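Q: curious how this folds, go ahead:
(one chain, ligands or ions: 2)
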Amino acid sequence: VPLERIRNFSIVAHIDHGKSTLADRILEVVGAISISKDNKQILDKLQVERERGITVKAQTASFIYDYQGQDMLLNLIDTPGHVDFSAEVSKSLASCQGVILVVDAKQGVQAQTVSNYNLAVANDLAVVPVLNKIDLPEVDLDSCLNQLESLFDIDPNSVILASAKSGIGIEEILDAVVDRILPPLTHGQGDSLKFLLQDSWYDQYKGAVGLIQVFDGVLKLGDEITSVKTKKTYNVKSLGILTPEEVSVPAIHPGQIGFFTCNMKTTKEAIVGDTFHRINRPVEPILHVSTPNPMVYSGFYPTESSYYSNLKTAIDKISLNDSSVSIDPETSPALGSGWRIGFLGLLHMEVFSQRLQQEFDAEVILTQPSVPYKIIPKPHLVKKFGQEIWVKTPKDWVDKDVAETYLEPIVKGTIIVPEEYMQQVASLCSSCRGIAEDTTFVDQTRVRMVYTLPLSDIVTNFFDDLKRITSGYGSFDYEDAGYIHSQLIKVDILLNGKPVPELSFLSNPSKARPTGKIKVAKLKELLPRQLYDVAIQATRGKTILARETIKAARKDVTAKCYGGDLTRKQKLLKNQAEGKKRLRAIGNIQVSKETFIKVLTNK
Ligand code: GDP
Ligand code: MG
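A: Ligands and ions are numbered 1, 2, ... in the order given. From the prediction side, this is the model:
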């Protein structure tokens, strides 16, 4: 197929607006698949995606569409819509010249619609706007068209009305893809070759498989290719396209998307976002992939220490397929050996732990998430500590004698809510130290509120709180907004005067006391009474921020034996001794692992 007849596009939408259903319907209309119960949402391969109805890894499908009697080759690149997966999103968008922006006609424009639109425009992509679900009763099309016009300047006449479910408007969408989206550009001359690695996975039979888009030249079987990143050279062993079934081909032409295998030993060599070229014919990389910094960290521990190696295998396997997680070993006196894992965001973290459970049957304990702070050391200490000290856990903390300034991550959050909830949302945001940036009406009844918020306040309960106070009507999305100077202190939790390192936390001074109070109260509720008084304190240096006492209780297990029966008494004492084994010492207190988990996970 000549280049002018190729279109590379992607579908983007707020969650549940019908992206996957539309992809299925398109493939069905062009005859690439027949929809039955089993292959519904064929592009969402991972189980977690099917269950949550979200797309995590970008998938793709190529098919021929008959446009006014002419065969067009359309490549549909499925992107994960959420900003948490923005690394995946930008890799997919690098291969596209346009997007179909799907908006649920009943829900209207939502927070993620805004980020999707902005991302598409930032990447110079054509946008084909689609109002989906017009089959539903009570949809207000005018109001939706209004929103698209007022927020994005989209001409109402260019919006396609569709129902992915009932198959309305599908051909109109495909025609618009051909009409409004440009064919891919290539600049190749002679036998130059340049292609982008979009994704990679491990196949039991084929080994490492790479999903690629050819930018310049023709990639053929047997070609010798070199990676820009690793400089390693390989021999192309097999080539194919995804229709979405895998079909072998002898060559992949410019603008086309397909997969290849070569003599790569592991998927570790297949770095997503890497550019390849013909051996001895170096090229500029297509994408400058920087590994994104994790924004949310959590401790992952096996529920039993004997599950450690199973969990390790599972974590290794998933991270092979997900280059954006960062993994460091960590040990905790109470939970044993585990890992501190960094994620791009909360959804990313949730999806990762769900995959552990669903694909590998691995049970895990997740500790409460935290965000990475940065500390700039005093000028004379830069030599010793470097320009910046990354503080991923309270263990990395350094005090005022070292620190010149503290920096904390912030995000730009977009919230879309019905007008009547504006006040509640404003107070939630200000209780999270948010700063209002902008408020605009998106139509007669709904507003878009933009806030700058500290990420640390988002990772705790923000989503849940927002849903609760808006009766489920509020939608929220956020993007990175860098770091700002901030006040930061370390709060320790002490049991009978002894600090428990795992319970320490970093906090803005304004939140230290309330958070300390909550933690201390929770410990009081969860810790068993001891034979002596137990003081629970939250402290900052020598200052006590919160305090509770658990009164002593004599726990006499033999009390109910009325003295007499000696064997019964001995049995009870033995039971109690075994019970102790399951306990671990914190300070001078024995705390069961279950209690510890409750405190650490904040469940
Ligand atoms: P995604 O999260 O954007 O991929 O959304 P899905 O394709 O998973 O769709 C979310 C829900 O909306 C599913 O229950 C679909 O069956 C439903 N849905 C999708 N398109 C339509 C439509 O055109 N009409 C109706 N009534 N429901 C739809
Ligand atoms: Mg989906």
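
Q: so where does residue 198 fall, helix or strand?
A: Per DSSP states H and E: residue 198 is located in strand 194-203.

Q: which neighbouring elements make contact with that strand?
A: helix 86-94, strand 207-216, strand 275-278 (3 or more C-beta pairs under 8 Å, 6 or more residues apart in numbering; DSSP states H and E). C-beta coordinates here come from the backbone N, C-alpha and C atoms, glycine included.

Q: now do the buried residues in that strand.
A: 194-201 (16 or more other C-beta atoms under 10 Å).

Q: cool, and stretch 462-479?
A: Buried-residue list, stretch 462-479, by 16+ other C-beta under 10 Å: 462, 465-466, 469-470, 474-478.

Q: list the residues that contact residue 478.
A: Going by C-beta atoms under 8 Å, 6 or more residues apart in numbering, residue 478 touches 83, 345, 411-414, 453, 458.

Q: give me the subset of those lying in strands.
A: If you go by DSSP state E, those have 411-414, 453 in strands.

Q: helix, strand or coil for the residue in the stretch 301-450 of the chain that ligand 1 sits nearest to?
A: The minimum distance from the stretch 301-450 of the chain to ligand 1, using C-beta to the nearest ligand atom, falls at residue 347 (12.6 Å). For residue 347, the assignment made with DSSP: H, G, I helix; E, B strand; the rest coil gives helix.

Q: state the distance from it to residue 116.
A: 15 Å (C-beta to C-beta, to the nearest Å).

Q: need the pLDDT of the residue in the stretch 151-300 of the chain positioned nearest to ligand 2.
A: As assessed by C-beta to the ion, ligand 2 sits closest to residue 164 within the stretch 151-300 of the chain, at 10.9 Å. Model confidence at residue 164, given as pLDDT, is 96.

Q: what does residue 281 give?
A: On the pLDDT scale, residue 281 gets 89.

Q: which strand or helix spans the closest residue to it other than its chain neighbours?
A: Spatial nearest neighbour of residue 281, chain neighbours left out: residue 192 (6.1 Å); criterion: C-beta to C-beta, 6 or more residues apart in numbering. Under the criterion DSSP H and E, no helix or strand holds residue 192.

Q: thought residue 192 was touching residue 283?
A: Yes - if you go by C-beta atoms under 8 Å, residue 192 and residue 283 touch, sitting 7.2 Å apart.

Q: what pLDDT does residue 461 get?
A: pLDDT, residue 461: 77.

Q: now do the SS call for it.
A: Put simply, residue 461 is helix when judged by three-state DSSP.

Q: circling back: which of the buried residues of strand 194-203 lies closest to residue 356?
A: residue 201 (17.3 Å; C-beta to C-beta).

Q: what's the most distant pair in the buried residues of strand 194-203?
A: Across the buried residues of strand 194-203 (C-beta to C-beta), the longest gap, 22.4 Å, separates 194 and 201.

Q: could I get the full set of strands for the stretch 351-500 of the chain?
A: 364-366, 373-377, 389-391, 403-418, 435-441, 446-454, 475-486, 489-495, 498-499 (DSSP state E, counting those that start in this stretch).

Q: now these in TSV, with mean pLDDT and distance to ligand 1?
A: Supplementary listing: the strands of the stretch 351-500 of the chain in TSV, determined by pLDDT from 0 to 100; distance: least, C-beta to the nearest ligand atom, whole Å:
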stretch	mean pLDDT	distance to ligand 1
strand 364-366	84	25
strand 373-377	94	34
strand 389-391	92	35
strand 403-418	93	16
strand 435-441	94	25
strand 446-454	95	20
strand 475-486	88	13
strand 489-495	91	40
strand 498-499	84	46
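
Q: out of these, flag the one nearest residue 516.
A: From those, taking C-beta to C-beta, the stretch that ends up closest is strand 489-495, at 5.4 Å.

Q: show me what the nearest residue to residue 270 once chain neighbours are set aside is bridged to.
A: For residue 270, ignoring the flanking residues on the chain, the nearest one in space by C-beta to C-beta, 6+ apart is residue 200 at 3.6 Å. Per DSSP bridges, the residues bridged to residue 200 are residue 210.

Q: I'd like to know which of the ones in strands among the contacts of residue 478 is nearest to ligand 2.
A: Among those, and counting by C-beta to the ion, the member closest to ligand 2 is residue 414, at 20.6 Å.

Q: between residue 347 and residue 116, which one's more packed in?
A: Just comparing residue 347 and residue 116: by other C-beta atoms under 10 Å the higher neighbour count belongs to residue 116, 29 against 20.

Q: state the distance from residue 280 to residue 295.
A: 40 Å.

Q: I'd like to know which helix or strand in this structure has the lowest mean pLDDT.
A: Ranked by mean pLDDT, DSSP states H and E, the weakest helix or strand in the chain is helix 47-52, scoring a mean of 50.
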